[in-house]
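**Q** sequence and predicted model, in that order:
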Amino acid sequence: MRKTVCYFFILFSFLILAGCSPADQEPRPVLGDPGASVLVEEFSDFECPACGQVGPALEQLIRLNPDLARLEFHHFPLSYHQNAFRAAEAAECAADQGKFWEFSELNFKNQKNLTDDALKSFADYLKLDRTSFDTCFDGNEKRARIKADIQEGLRRQLSYTPSLYVNGQLVQWGGAEEFDAYLKSLKE
């Protein structure tokens with residue numbers, strides 16, 4: 001009986017661990033104070049014009065006030081943006097070399113040209129190790145991460161980008177000043 005319980009426990013532990021995908025175990029790109037009590041989650045698409053305005057403004061707000069909140073980036077490439085998924089993969093490959101936010105900035109600045117060739121030129125511009133980047137990007141190593149983010153967005157019933165959550169609550173972007181005031185009110 002004791003042996004059966006032990007085998008059951010081992011099998012159960014294996015099944016639990018097998019359910020954890022590598023995408024769940026990778027650290028998420030975070031900007032600001034990692035220990036901040038206020039969490040801002042941004043669901044974004046690199047080809048979305050509104051995301052190209054809100055994302056950089058939000059990042060600047062957090063950079064200017066790093067103790068205000070922590071910003072977590074989640075990919076939510078919309079199906080009708082043909083290059084958004086690949087741009088998300090490329091940004092995650094850049095994250096492996098500590099350049100997620102810089103790569104994202106280039107993606108937003110070049111929303112109309114996010115071809116594979118353009119994304120690889122961004123890697124050169126940021127002086128990434130191209131062998132590592134190309135292996136990651138060409139091998140679709142970050143596909144599971146992007147799909148996991150999409151699934152999380154679908155679970156939350158997202159229908160647009162950018163979508164912002166503050167401490168788990170969906171909030172509207174009303175501009176940097178208004179959002180800054182809102183975040184500061186949460187810290188008081």
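**A** That came through, no problem. Numbering: from 1, shown residues only.

**Q** drop to CA atoms for contacts and neighbour counts, all remaining ones
**A** OK.

**Q** beta partners for the residue nearest to Gly35 when sequence neighbours are not counted?
**A** Nearest in space to Gly35, with sequence neighbours left out and distances taken as Cα to Cα, 6 or more residues apart in numbering, is Arg70 at 7.5 Å. Legend: beta-bridge partners of Arg70 under DSSP bridges are Gly32, Leu39.

**Q** count of residues packed around Arg70?
**A** Using other Cα atoms under 10 Å, Arg70 is surrounded by 23 other residues.

**Q** surely it meets Arg63?
**A** No: assessed by Cα atoms under 8 Å, Arg70 is found out of contact with Arg63, at 9.9 Å.

**Q** which parts of this structure are helices?
**A** In order along the chain, the chain carries the following helices (DSSP state H): 2-18, 22-25, 49-64, 84-95, 100-109, 116-125, 130-138, 143-155, 176-187.

**Q** what helices or strands is the fifth one leaning on?
**A** Using 3 or more Cα pairs under 8 Å, 6 or more residues apart in numbering; DSSP states H and E as the contact criterion, the elements in contact with helix 100-109 are helix 49-64, helix 84-95, helix 116-125.

**Q** contacts for that helix?
**A** By Cα atoms under 8 Å, 6 or more residues apart in numbering, the residues outside helix 100-109 that reach it are 29, 46-47, 51-52, 56, 87, 91-95, 114, 119, 122-123, 126.

**Q** which among those count as buried?
**A** Among those, those classed as buried by 16 or more other Cα atoms under 10 Å are 29, 46-47, 51-52, 56, 87, 91-95, 114, 119, 122-123.

**Q** residues that sit against both of Arg70 and Arg63, list them.
**A** Both Arg70 and Arg63 are in contact with 31-32, where contact means Cα under 8 Å, 6+ apart.
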